[in-house]
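In: Fold the following, please.
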Amino acid sequence: MGGTPSPESHSLRGAIDRPALIAIRDLFDDEEPLAAAQLDDFLNPSVLEVELDDGLLDAEKARIDVQWTTRDDYKYHYTDTDDVNFRWGRHPHNDEYVHVPGLEHYHPPPNASSDPTEVESSCIEQSPEILVTRAVLTLWRVAYHSRSLEPLNAGQNPP
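Out: Predicted coordinates for the structure are as follows:
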């Protein structure tokens, strides 16, 4: 804290990792029957868009946008038709998030707040893309079946 944050203080480091996004896409397609995942651009992707046929609570549809870099930084951003947003991330934050000692963090619903006092440490501490994606799927499914947003960051590592 103190001083001016660097311009990359909240940025994903490294180029987008296309093979990682393809592996994540395949996992969503294989493991989640409500999901249809596709790269925004197959040859030079910037995001994996995962459309969900149902959302949390009363949302009729939802989407998870995934970014993964060659430095294993990531962002999984959920948004739905009821304007609920949250995200799990792993990237530098210039120690601005007062409750987050490491790179892994969680922006809670309903608006995926970036307020430094509201961002939490993430319960996802693994780094391989397959384990992180399985954790995201597990946490989403638990919240979906319990009809509550509370379980989204309440898992044990790995969830």
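
In: all contacts plus neighbour counts: C-alpha atoms, from now on.
Out: Fine.

In: Residues contacting the biggest helix by length in the chain, please?
Out: If you go by DSSP state H, the chain has its longest helix at helix 129-146. Helix 129-146 has contacts (C-alpha atoms under 8 Å, 6 or more residues apart in numbering) with 20, 23-24, 27-28, 32, 55-57, 68, 72, 124, 126, 149-153, 155, 158-159.

In: Separate out the buried members of those.
Out: The neighbour count (16 or more other C-alpha atoms under 10 Å) marks 20, 24, 27-28, 55-57, 68, 72, 124, 149, 151-153, 155, 159 as buried among those.

In: Which ones among these map onto strands?
Out: Secondary structure from DSSP state E places residue 68 of these in strands.

In: Now for the buried ones among the contacts of helix 129-146: which two are most distant?
Out: Largest separation among the buried ones among the contacts of helix 129-146 by C-alpha to C-alpha: 57 and 72, giving 30.9 Å.

In: Pull the contacting residues for the most centrally placed residue in the chain.
Out: Using C-alpha atoms, centre = their mean, the residue of the chain that lies closest to the mean C-alpha position is residue 76, 1.9 Å off. When contacts are counted by C-alpha under 8 Å, 6+ apart, residue 76 touches 64-67, 87-89.

In: Export only the CA atoms of stretch 107-116, formatted as CSV.
Out: As requested, the backbone C-alpha atoms of stretch 107-116 are provided in CSV (Å, rounded to 0.1, in the frame of the first residue of the first chain):
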residue,chain,number,x,y,z
HIS,A,107,-14.9,-11.0,-6.1
PRO,A,108,-18.2,-11.7,-4.4
PRO,A,109,-21.7,-11.4,-5.7
PRO,A,110,-23.9,-9.7,-6.5
ASN,A,111,-21.7,-7.3,-8.4
ALA,A,112,-18.1,-8.8,-8.4
SER,A,113,-17.0,-5.9,-6.3
SER,A,114,-13.4,-4.7,-6.7
ASP,A,115,-13.6,-2.7,-3.5
PRO,A,116,-10.3,-3.5,-1.8
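
In: Name the residues that touch it?
Out: Stretch 107-116 has contacts (C-alpha under 8 Å, 6+ apart) with 83-88, 96-99, 118-120, 149.

In: quick one on the thing from earlier: confidence-wise, which of the buried ones among the contacts of helix 129-146 comes last?
Out: Here the lowest pLDDT out of the buried ones among the contacts of helix 129-146 sits on residue 159, with 70.

In: Perfect, that will be all.
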